[in-house]
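Colleague: generate a structure from the sequence data that follows.
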Amino acid sequence: MKPLNVGVIGHGWVASAHIPAINATGRARVTAIHSSRPLDDAALSARYGSPIRGYDDLDQMLSDASLDVVSICSYPQEHARHTVAAAQAGKHVIIEKPLALSWADCLTMDRAIRDAGVKSCVCFECRWSSQFLVTRAVLDQGLLGALHYGEVDYYHGIGPWYGQFRWNTRKDAGGSALLTAGCHALDALLLCLGTDVAEVTSYDTRSRSPIFEAYEYPTTSVSLLKFKGGQVGKCAAIVDCLQPYYFHTHLVGSEGSLLDRKFHSNKLATHRHQWSELSMKMLDSGDVSDHPYQTQFTAFFAAIERGEEMPLTSFRDALKTHEILFAADESAATGRPVRIG
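Modeller: Numbers count the residues shown, from 1 in each chain. Have a look, this model is predicted:
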């Protein structure tokens with residue numbers, strides 16, 4: 001089948017990971033890039049190994065009838081406007097997280113995608129990581145039984161050593177500890193425990209280190225989730241820590257537990273006083289070049305070819321995570337629990 005043509009909005013850090021991942025799928029190729037900065041077609045084509053046209057006019061790029069998909073790698077505060085424009089132009093969309101910085105913008109994007117009838121893929125790529133594909137397989141096999149408690153936590157110090165720091169510190173760009181990056185952990189928690197959340201309570205704080213004082217919002221939060229089925233979950237989002245990257249996962253069920261790569265299962269009669277171990281690549285880096293985009297994008301392009309919705313990370317999947325995320329941030333701001341639905 002002829003490869004899908006992809007246009008990319010934005011040409012920063014994350015786009016530098018999207019473009020090779022898209023080209024490596026063998027199902028699509030990047031043929032256009034839009035940026036407010038000057039782009040040289042010959043330099044772009046040489047860098048990525050195939051013909052690419054640069055645009056400084058978004059409407060002009062979106063009017064290109066040969067484009068099938070648009071990957072939105074712009075700043076978070078621009079995601080809503082760019083998603084609506086791409087969907088109205090009839091393009092399938094890949095959207096970097098977070099969807100947007102407000103719930104109202106998320107709902108506007110949802111309407112635009114549904115009205116246009118285009119397919120969508122949101123970059124909650126941790127669902128496509130080796131760690132969570134294996135974790136889901138363990139759960140699907142019933143090796144932990146029925147989960148009644150889970151915690152997934154995001155520890156990643158995002159300081160001046162990252163290029164995104166210059167804008168991520170702003171409330172109107174980074175948003176919150178959950179919006180800027182901790183949403184990956186919340187999304188993974190919901191992947192494991194389900195999305196039937198009844199209530200969320202959240203607290204936030206911040207480091208006293210001068211390294212992080214430029215942030216305009218609290219850079220540590222912890223959210224407690226009460227599910228309608230009685231389960232309880234916890235998600236910490238900490239971007240002001242000084243330690244190696246750590247994506248902590250602890251799931252507790254009626255037949256066993258999983259702690260990161262370690263597990264115990266009564267169903268397998270593993271040793272109750274000694275952890276068994278799973279062999280899988282762990283999420284151990286915040287660098288976008290290490291993210292499992294290629295696996296996710298391959299699944300998205302295959303879904304488009306079949307005329308089906310993206311499994312695991314469609315817009316509707318991500319919308320539910322964002323509903324709970326914005327409720328958590330509201331709880332932290334008001335000091336009160338927030339009910340869902």
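
Colleague: Gly12 and Glu78 touch, don't they?
Modeller: No. Counting by C-beta atoms under 8 Å, Gly12 stays clear of Glu78, with 11.6 Å between them. Backbone N, C-alpha and C define where each C-beta goes, glycine included.

Colleague: nearest residue to the middle of this protein?
Modeller: For the chain, the residue nearest the mean C-alpha position is Phe124 (2.6 Å; C-alpha atoms, centre = their mean).

Colleague: His184 versus that one, what's the distance?
Modeller: Using C-beta to C-beta, to the nearest Å, one gets 7 Å for the distance from Phe124 to His184.

Colleague: could you do Cys241 as well?
Modeller: In terms of C-beta to C-beta, Cys241 sits 15 Å off from His184.

Colleague: more neighbours: which of these two?
Modeller: Between Cys241 and His184, counted using other C-beta atoms under 10 Å, the more crowded position is His184 (27 against 20).

Colleague: got the contact list for the closest residue in space to the more buried one that isn't next to it in sequence?
Modeller: Using C-beta to C-beta, 6 or more residues apart in numbering and skipping the chain neighbours, the partner closest in space to His184 is Cys126 (5.0 Å). The neighbours of Cys126, taking C-beta atoms under 8 Å, 6 or more residues apart in numbering as the test, are Phe132, His184, Asp187, Ala188, Phe247, Leu283, Pro292.

Colleague: closest one of those to Leu99?
Modeller: Closest approach to Leu99 among the contacts of Cys126 (C-beta to C-beta): Asp187, at 11.2 Å.

Colleague: okay, and that closest one sits in which element?
Modeller: Element membership of Asp187, judged by DSSP states H and E, is helix 183-193.

Colleague: show me how far that helix is from its chain's centre.
Modeller: What separates the centre of helix 183-193 from the centre of its chain is 10 Å, taken as C-alpha atoms, centre = their mean, to the nearest Å.

Colleague: need the residues that contact that helix.
Modeller: With contact meaning C-beta under 8 Å, 6+ apart, helix 183-193 is reached by 97-98, 124, 126-127, 132, 135-136, 139, 147, 150-154, 178, 197, 223, 225, 227, 231, 233-237, 247, 249, 251, 312, 318, 320-322, 324-325, 328.

Colleague: circling back to that earlier point, quick one: the residue nearest to the centre of the chain and Lys320 touch, right?
Modeller: No. With contact defined as C-beta under 8 Å, Phe124 does not reach Lys320; the gap is 10.9 Å.

Colleague: any idea which of the contacts of Cys126 is closest to Gly117?
Modeller: For these, the nearest to Gly117 is Asp187 (25.1 Å; C-beta to C-beta).

Colleague: contact partners for the closest residue to Gly49 other than its chain neighbours?
Modeller: Excluding the flanking residues, the one nearest Gly49 by C-beta to C-beta, 6+ apart is Asn23, at 7.2 Å. Neighbouring residues of Asn23 by C-beta under 8 Å, 6+ apart: Arg29, Val30, Tyr48, Gly49, Ser50.

Colleague: so Asn23 sits in a helix?
Modeller: Yes. Membership of Asn23 in a helix is supported by DSSP: H, G, I helix; E, B strand; the rest coil.

Colleague: hang on, the earlier thing: for the residue nearest to the centre of the chain, give me its contacts.
Modeller: Applying C-beta under 8 Å, 6+ apart to Phe124 gives the contacts Lys97, Cys183, His184, Asp187, Leu312, Thr313, Asp317, Ala318, Thr321.

Colleague: again, only using 6 Å
Modeller: Shown in contact with Phe124 (C-beta atoms under 6 Å, 6 or more residues apart in numbering): Asp187, Thr313, Ala318.
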